[in-house]
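Participant: Sequence and predicted model, in that order:
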Amino acid sequence: MGGMPMPSSILGSNDVSSLSLNPNSQSSFLASKPVSTKEKMKTVTPVKVQGDSLRTCSFNDSVQRVDIMMNTEGRPLNADVELWQGPDNAPQKMTVYLEDGSARPFCATIECPGSSNSICIRNTGHMEFPLTAGVSVDMIQSSRSPASILDETSSSRIVQGGAVYTSPFAPAVQSVQIMLKTDGRPMNVRVELLQGPNNVKQVMEIYSEDGKTRPFYGIIETQGSGNVVRIVNTSTVEFPLNAALEPYVVDESMTEGMSGDMNWS
């Protein structure tokens, strides 16, 4: 998984093909008005990724970052997403699980500094569980990343190695935005969305070899009540990280008399 695509005869039964970029798109997270992940999916060219198959997307050096979106028709989603930079070099990896890929589609930004970058999406589910993926790009040299914007406009929390932090929020919060970074050290973290005791709806296991150059930014859909985001720093104590978590889309009709603020615990 760490290298560039190999011939299908070497990969066995896995199908290897290319994702297509939306040629006129740019980072959907920098829109002036927050929109749901389902609306973002409508702005990209959808690509079907069958179970146990691999799709790749390469782009030129002018691309600063890419937005990755994935969903299903209501079935579970299991996928690996990797940033490749040259042969046998994967500086950022994500393992994604969604209980329902239609109700809670996946949405994240991957920073792409340097050259020879490409995105790999592998559907690790069975043949009966295809997924739909979309990629949009940000080619504006001076644009600020959504991770840096959230970091500057919110109060981040230090999560020490081995520590666990949770944040419940009101039912009016339809989705939340999350930023994870380090001071330049490697980052290993697991992010979970729970709805009720031990009822896991979404899991993301994230690795970045440099959490400052390649921070993580994503949108988590949180419809319904009783939602809690849990952040687990799976690294050792020598590798703390900074986490910021804020509401993204809020149902204004449900906000009367209640606060949408996050409550760290």
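Facilitator: Thanks, I have it. Residues are numbered from 1 along each chain as shown.
Participant: Only C-alpha atoms from now on, for both contacts and neighbour counts.
Facilitator: Fine.
Participant: For stretch 100-119, list every residue counted as buried.
Facilitator: By neighbour count on 16 or more other Cα atoms under 10 Å, the buried set for stretch 100-119 is 100-112, 117-119.
Participant: Could you single out the nearest of the residues you listed to Met69?
Facilitator: Cys107 (4.6 Å; Cα to Cα).
Participant: Which of the buried residues of stretch 100-119 fall within strands?
Facilitator: Using DSSP state E, the subset of these located in strands is 106-111, 117-119.
Participant: Spatially, which residue comes closest to Val232, not counting chain neighbours?
Facilitator: Among residues not flanking Val232 along the chain, Val164 sits closest, at 4.6 Å (Cα to Cα, 6 or more residues apart in numbering).
Participant: All the strands of the stretch 101-250 of the chain, residue numbers only.
Facilitator: 106-111, 117-123, 131-138, 157-159, 164-168, 173-181, 187-195, 200-208, 216-221, 227-233, 241-250 (DSSP state E, counting those that start in this stretch).
Participant: Any idea which of these gets closest to Thr45?
Facilitator: strand 131-138 (5.9 Å).
Participant: Which other helices and strands does that closest one contact?
Facilitator: When contacts are defined as 3 or more Cα pairs under 8 Å, 6 or more residues apart in numbering; DSSP states H and E, strand 131-138 packs onto strand 47-49, strand 65-71.
Participant: so Glu209 sits right up against Asn89, yeah?
Facilitator: No. Glu209 is not in contact with Asn89 according to Cα atoms under 8 Å; the separation is 10.3 Å.
Participant: Give me the more crowded residue out of those two.
Facilitator: Ranked by neighbour count (other Cα atoms under 10 Å), Glu209 and Asn89 place Glu209 first, with 18 against 15.
Participant: Leaving out chain neighbours, which residue sits closest to the more buried one?
Facilitator: Glu209 sits nearest to Pro186 (Cα to Cα, 6+ apart), 4.4 Å away.
Participant: Now do the contacts for that neighbour.
Facilitator: 207-211, 239 (Cα atoms under 8 Å, 6 or more residues apart in numbering).
Participant: ok, it to Gln92 distance?
Facilitator: 10 Å (Cα to Cα, to the nearest Å).
Participant: Equivalent analysis for Ile119, please.
Facilitator: 10 Å.
Participant: how far away is Ser155 from Lys42?
Facilitator: Distance from Ser155 to Lys42, by Cα to Cα: 32 Å.
Participant: circling back to that earlier point, present the contacts of Pro186 as JSON lines; the columns should include distance to Asn233.
Facilitator: Converted to JSON lines, the contacts of Pro186 look like this (distance: Cα to Cα, whole Å):
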{"residue": "Tyr207", "distance to Asn233": "11"}
{"residue": "Ser208", "distance to Asn233": "12"}
{"residue": "Glu209", "distance to Asn233": "14"}
{"residue": "Asp210", "distance to Asn233": "15"}
{"residue": "Gly211", "distance to Asn233": "13"}
{"residue": "Phe239", "distance to Asn233": "8"}
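Participant: out of these, which are buried?
Facilitator: If we count by 16+ other Cα under 10 Å, the contacts of Pro186 have these buried: 207-211, 239.
Participant: winner for burial among the helices and strands packed on strand 131-138?
Facilitator: strand 65-71 (a mean of 24; mean count of other Cα atoms under 10 Å).
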